[in-house]
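S.K.: Turn this into a structure:
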Amino acid sequence: MSGDHNDELPPLLLEKEVADFLKSSWRGDQEVEDEDGVGSKIFDRLLKCLGTPPTVTTLRVNTLAADKHVVAKQLKSELEKQYNDRGSNPPPIVLHPALKDVLVIPSRGPNPRPPEVVKEVIVDLACGMAVLRGADVFVLGIMGAPGYLQAGETVAVYADLEGQCRKGLKEEYRERKIYVGCGVMQLSRDQMFCSAQVKLRGVGIKMTQPLYEAPSLDDVLPELLFAQNLPSIVCCMVLDPQPGETVIDMCASPGGKTNHIATLMNNEGRVVALDKTAMKVEKVTNNLARWNLTCVDAYTFDSTKCSDENADISGTPPYPPGSFDRVLLDVPCSALGQRPSARNRMTLKSLQSYSTYQRRFIEAGVKLLKPGGTLVYSTCTITMEENEHQVAWMLDKYPDLQLDEQHPHLGDTGRPCKGLTATQLSLLQRYDPTSDTSQSKYFTDNDTIGFFIAKFVKKKEMDS
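M.R.: Numbering: from 1, shown residues only. Prediction:
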């Protein structure tokens, strides 16, 4: 991958100490690995899966504003225009058979790099990963381009795997890079790097022959559609918020789940959305405004400190214990389930710090939950320490919590874990890209990001 044209995406590249730690724990809490090393093989396959994008794009429909069949027809028209510009036929739009507000679009790829395209443009890694999910290249993501490159030229786009490309590079980039597709320059090199004008924004390269064909959804029916990973959608359906209830989303940014909660509640009741920084809360409010959702109060606040005996439920945080019918705890995590991900520089110390940090959110969330209420704990990571081990810890620390059945349950069950029975593991929902897809109920659920969901109910005093 250093200056060659090997277009196959590599497995997720981790720091060695992190990879060794994850591999050793991937077999779960079983005493030994089988003689053939199946656990290691599965882990290697997991890293390969994490380096590639999911094979479908899932879109949640604003059912408060329009019928999903009408929205699907509008989306079809938008995709026909988009794919016509690319010179290819649009993919089908499928109504998800189990999730009544979800549309699914299959992806295509990997596609070979056209041999006639010789000029290469380097983009930063985050930009490259977005391209693999269907995005065009925005100007701010472009790091290097050949001299004399003009608008209208077709270029091969490579993502910088090492983060070493200096802005404005003219020469060939010889560090590790990965091919993500070909596209047409919307600006010249001079416009991008040598202009004295106001800093440029917008699309710099229109992707016409991406490695993986997925729809570009920027500004496509934003008032009617929300692009969201399937497990994130399932997470809020498992929470099952009802109109008129009081619900808290303790780690709300960027606001997709908050938006979904308010929609499931028919915009009736009260949703409190918290995040620690003002910029993240602004993302939440923007995503709510797109769908005109008014039942949400979003605040910049540290959720680990949002329970206070002397507080008032009606205003700003903190709040009294037992204030909420439902609590969503989509906690900060190592995010190792996100796809595609080509490079992660997280240290082992950082990885191992998450479980302790998450417990501060858990403690606050359990306090805020009413007796008889529902708490959903979720992550977008693959580690047992942040998933099954946290569930075992919660059940041990809080005798008034019990696991509850999840509906819908489209993922796998939990991995073997000390402290959890087979019945308890069956109540957990884990999305694992290495799963045997032939066993999935629906083809739409075969290939997702890594994700984990646990649903708890707090016992009423009379049940204790």
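S.K.: Does Lys280 belong to a helix, a strand or coil?
M.R.: Under DSSP: H, G, I helix; E, B strand; the rest coil, the three-state class of Lys280 is helix.
S.K.: mind listing what the closest residue to it other than its chain neighbours touches?
M.R.: Leaving aside its sequence neighbours, Lys280 sits nearest to Ser253 (C-beta to C-beta, 6 or more residues apart in numbering; 3.5 Å). Any C-beta I mention is one placed from the backbone N, CA and C, and that applies to glycine too. Neighbouring residues of Ser253 by C-beta atoms under 8 Å, 6 or more residues apart in numbering: Asp275, Thr277, Lys280, Val281, Lys283, Val284.
S.K.: Switch these over to JSON lines; also include pLDDT, distance to Ser323 and neighbour count.
M.R.: As requested, these are arranged in JSON lines below (pLDDT from 0 to 100; distance: C-beta to C-beta, whole Å; neighbours: other C-beta atoms under 10 Å):
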{"residue": "Asp275", "pLDDT": "96", "distance to Ser323": "18", "neighbour count": "25"}
{"residue": "Thr277", "pLDDT": "94", "distance to Ser323": "23", "neighbour count": "11"}
{"residue": "Lys280", "pLDDT": "95", "distance to Ser323": "23", "neighbour count": "17"}
{"residue": "Val281", "pLDDT": "96", "distance to Ser323": "20", "neighbour count": "20"}
{"residue": "Lys283", "pLDDT": "95", "distance to Ser323": "25", "neighbour count": "17"}
{"residue": "Val284", "pLDDT": "96", "distance to Ser323": "20", "neighbour count": "25"}
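S.K.: in stretch 221-230, what counts as buried?
M.R.: Leu221, Leu224, Leu225, Phe226, Ala227, Gln228, Asn229, Leu230 (16 or more other C-beta atoms under 10 Å).
S.K.: Quick check: end-to-end length of that stretch?
M.R.: Start and end residues of stretch 221-230 are separated by 19 Å (C-alpha to C-alpha, to the nearest Å).
S.K.: that older thread, check what pLDDT the residue nearest to Lys280 gets.
M.R.: Per-residue confidence at Ser253 stands at 95 (pLDDT).
S.K.: Relative to Tyr377, how far out is it?
M.R.: Distance from Ser253 to Tyr377, counting by C-beta to C-beta, to the nearest Å: 17 Å.
S.K.: Spell out which helix or strand contains Leu103, please.
M.R.: strand 102-106 (DSSP states H and E).
S.K.: again with Ser77
M.R.: Element membership of Ser77 [criterion: DSSP H and E] is helix 68-86.
S.K.: Output the contacting helices and strands for the helix or strand of the chain with the lowest mean pLDDT.
M.R.: One helix or strand of the chain scores below all others by mean pLDDT, DSSP states H and E: helix 38-50, with a mean of 83. When contacts are defined as 3 or more C-beta pairs under 8 Å, 6 or more residues apart in numbering; DSSP states H and E, helix 38-50 sits against helix 16-25.
S.K.: The helix it packs on relative to helix 38-50, how many degrees between them?
M.R.: Using axes from the mean of the first three to the mean of the last three C-alpha atoms, to 10 degrees, the inter-axis angle of helix 16-25 relative to helix 38-50 is 130 degrees.
S.K.: could I have helix 16-25 exported to PDB, CA atoms only?
M.R.: Listed next in PDB are the C-alpha coordinates belonging to helix 16-25 (Å, rounded to 0.1, in the frame of the first residue of the first chain):
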ATOM      1  CA  LYS A  16      -0.100  -3.900  18.800                       C
ATOM      2  CA  GLU A  17      -0.800  -3.900  22.500                       C
ATOM      3  CA  VAL A  18      -4.500  -3.200  21.800                       C
ATOM      4  CA  ALA A  19      -4.700  -5.900  19.100                       C
ATOM      5  CA  ASP A  20      -3.000  -8.400  21.400                       C
ATOM      6  CA  PHE A  21      -5.400  -7.500  24.300                       C
ATOM      7  CA  LEU A  22      -8.500  -7.800  22.200                       C
ATOM      8  CA  LYS A  23      -7.400 -11.000  20.500                       C
ATOM      9  CA  SER A  24      -6.800 -12.700  23.900                       C
ATOM     10  CA  SER A  25     -10.200 -11.700  25.200                       C
END
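S.K.: Run the chain-centre distance for that helix.
M.R.: With C-alpha atoms, centre = their mean, to the nearest Å as the basis, helix 16-25 stands 23 Å off its chain's centre.
S.K.: Check which helices and strands it sits against.
M.R.: helix 38-50, helix 348-368.
S.K.: I'd like those helices as a markdown table, with distance to Asp447 and mean neighbour count appended.
M.R.: Formatted as a markdown table, the helices and strands packed on helix 16-25 follow (distance: least, C-beta to C-beta, whole Å; neighbours: other C-beta atoms under 10 Å):
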| stretch | distance to Asp447 | mean neighbour count |
| --- | --- | --- |
| helix 38-50 | 8 | 17 |
| helix 348-368 | 25 | 18 |
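S.K.: Which of these sits closest to Gly337?
M.R.: helix 38-50 (7.5 Å; C-beta to C-beta).
S.K.: As CSV, could you dump the C-alpha coordinates of that closest one?
M.R.: Output of helix 38-50 as CSV, limited to C-alpha atoms (Å, rounded to 0.1, in the frame of the first residue of the first chain):
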residue,chain,number,x,y,z
VAL,A,38,-10.8,-20.6,15.8
GLY,A,39,-11.1,-17.6,18.2
SER,A,40,-8.0,-16.0,16.7
LYS,A,41,-9.3,-16.6,13.2
ILE,A,42,-12.7,-15.0,14.0
PHE,A,43,-10.9,-12.0,15.5
ASP,A,44,-8.8,-11.6,12.4
ARG,A,45,-12.0,-11.8,10.3
LEU,A,46,-13.5,-9.2,12.6
LEU,A,47,-10.7,-6.7,11.9
LYS,A,48,-11.1,-7.3,8.2
CYS,A,49,-14.9,-6.6,8.5
LEU,A,50,-14.3,-3.4,10.5
